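Visitor: show me the folded form of this:
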Amino acid sequence: MKQVFITQHVGYDENRDEYFDYLDHRWYQLIEKAGLSIVPVPNNGALIESLLDNLSPQGLILSGGNT
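Guide: You can find the predicted model right below:
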């Protein structure tokens, strides 16, 4: 199964003063139908570098950004 990275949105919870990454569940359904395996990419440069050092994805899906 081909492995691809997918970007995520950034959310913010004012009550917790906390940022988080998120991805709509429908992406998982679409990717499964395409016969791919996805790795959600965190919005953190150091973690992205670590993923690239340890994995060899065959593609990248840019899921859209924040508005």
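
Visitor: list the contacts of the residue nearest to the spatial centre of the chain.
Guide: Here the mean C-alpha position of the chain is nearest to the C-alpha of P40 (Cα atoms, centre = their mean), at a distance of 2.5 Å. For P40, the contacting residues are F5, I6, Q8, D21, L23, taking Cβ atoms under 8 Å, 6 or more residues apart in numbering as the criterion. C-betas here are computed from N, CA, C, even on glycine.

Visitor: which of these count as buried?
Guide: Among those, those that count as buried by neighbour count (16 or more other Cβ atoms under 10 Å) are F5, I6, Q8.

Visitor: chain center to stretch 26-40: distance?
Guide: The gap between where stretch 26-40 is centred and where its chain is centred comes out at 11 Å by Cα atoms, centre = their mean, to the nearest Å.

Visitor: so for that stretch, what's the average pLDDT?
Guide: The pLDDT scores in stretch 26-40 average 94.
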